[in-house]
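1. Predicted model, plus sequence, below.
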Amino acid sequence: MKLIIVILSFSMTALAQRAGLEMWCNNGTAGDGGCEANGGATFCCAQDKEPGKFDINRKTLGTSRDPDGNPWCGEKGLQVVRCAPLN
């Protein structure tokens, strides 16, 4: 069981770090200011579309963090904080 958790964690980390990755994002989330300093905005994003939560397809620019320094977001912490253009 621990091996499965380690593999899943590694896979999610690798996914989160890819720039230019298209993901399903929310309307915006609080960030650490890094995205905004580079002309982008901060979003909570998921791999799969979830109507009403993660329903805006965005080409993300890279990873970010919330104000507390966490790279994960969402109700269960399974989504990732990403930078993306506003449009």
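-> Right, received. Where do you want to start?

2. is it fair to say residue 35 lies in a strand?
-> No - judged by DSSP: H, G, I helix; E, B strand; the rest coil, residue 35 forms no part of a strand; its state is helix.

3. burial of residue 56, as a residue count?
-> 14 (other CB atoms under 10 Å). Bear in mind the C-beta positions are built from the backbone N, C-alpha and C, glycine included.

4. what are the phi and psi angles of the closest residue to it other than its chain neighbours?
-> Nearest residue to residue 56 in three dimensions, chain neighbours excluded: residue 25, at 5.1 Å (CB to CB, 6 or more residues apart in numbering). Dihedral angles of residue 25 (phi, psi; degrees, to the nearest 10) stand at phi -120, psi 170.

5. which ones are touching residue 25?
-> 43, 44, 45, 46, 54, 56, 57, 58, 60, 82, 84 (CB atoms under 8 Å, 6 or more residues apart in numbering).

6. The third one against residue 55, yeah?
-> No - the pair residue 45 and residue 55 does not pass the contact test of CB atoms under 8 Å, sitting 11.0 Å apart.

7. Mutual contacts of these two, please.
-> residue 24.

8. that older thread, mind listing the residues bridging to the residue nearest to residue 56?
-> residue 45, residue 56 (DSSP bridges).

9. can you map out the helices along this structure?
-> Ranges of helices in the chain, per DSSP state H, are 2-17, 34-37.

10. Where does pLDDT dip in the chain?
-> 1-19 (pLDDT under 70).

11. If you count neighbours, what's buried in stretch 62-69?
-> For stretch 62-69, the neighbour count (16 or more other CB atoms under 10 Å) marks 62, 63, 64, 65, 66 as buried.

12. and it, how far apart are its ends?
-> Its first and final residues considered, stretch 62-69 spans 15 Å by CA to CA, to the nearest Å.

13. which residues touch it?
-> 16-17, 19, 29-32, 34-35, 42, 71, 73, 80-83.

14. Could you point out which of those is nearest to residue 50?
-> Checking these against residue 50 by CB to CB gives residue 73 as the nearest, at 12.9 Å.
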